[in-house]
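Colleague: can't give you the sequence, but here's the structure:
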């Protein structure tokens, strides 16, 4: 099953806290995709860097990451997102602080993909999303 890598995976690889081989051992031969929310979060990190050296390192990592195929948010994604946000709100887990995670989950559900993450809590309570932990 194709895989969406959560932002935390890319960040941990860039920081040297996770080896690309560790990620590859889980994804295997499955295709790996980006999502617009992940790119947005990584771009945010570039612009919030502490200094020029960190900004350059992050920008270089992001340029390499952007070579991966990126899913597109469309009308179907938006419908799934709206349903997921309402579901988590009804469960008493406000969706407002989880917007990016809900978009990632909506794309994963739409395309029948699994999200590889290190942050299970970000996806807890989102119905229908398949996650894999590393």
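Modeller: Looks like it arrived, so ask away. The shown structure was predicted, so the numbers you read here are calculated from the model rather than taken from an experiment.
Colleague: what sits against residue 115?
Modeller: 3, 4, 5, 6, 104, 105, 108, 123, 129, 130, 131, 132 (CB atoms under 8 Å, 6 or more residues apart in numbering). Backbone N, C-alpha and C define where each C-beta goes, glycine included.
Colleague: go again using 7 Å as the cut-off
Modeller: By CB atoms under 7 Å, 6 or more residues apart in numbering, residue 115 lies in contact with 4, 6, 104, 105, 108, 123, 129, 130, 131.
Colleague: Check for me that it belongs to a strand.
Modeller: Yes: with DSSP: H, G, I helix; E, B strand; the rest coil as the criterion, residue 115 is part of a strand.
Colleague: quick one: it from residue 48, how far?
Modeller: Note on residue 115: its distance to residue 48, by CB to CB, to the nearest Å, is 24 Å.
Colleague: And the strands in the protein, which stretches?
Modeller: Shown for the chain, the strands assigned by DSSP state E span residues 3-5, 32-33, 114-117, 130-133.
Colleague: Make TSV from those and add mean pLDDT to it.
Modeller: Formatted as TSV, the strands of the chain follow (pLDDT from 0 to 100):
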stretch	mean pLDDT
strand 3-5	98
strand 32-33	96
strand 114-117	98
strand 130-133	96
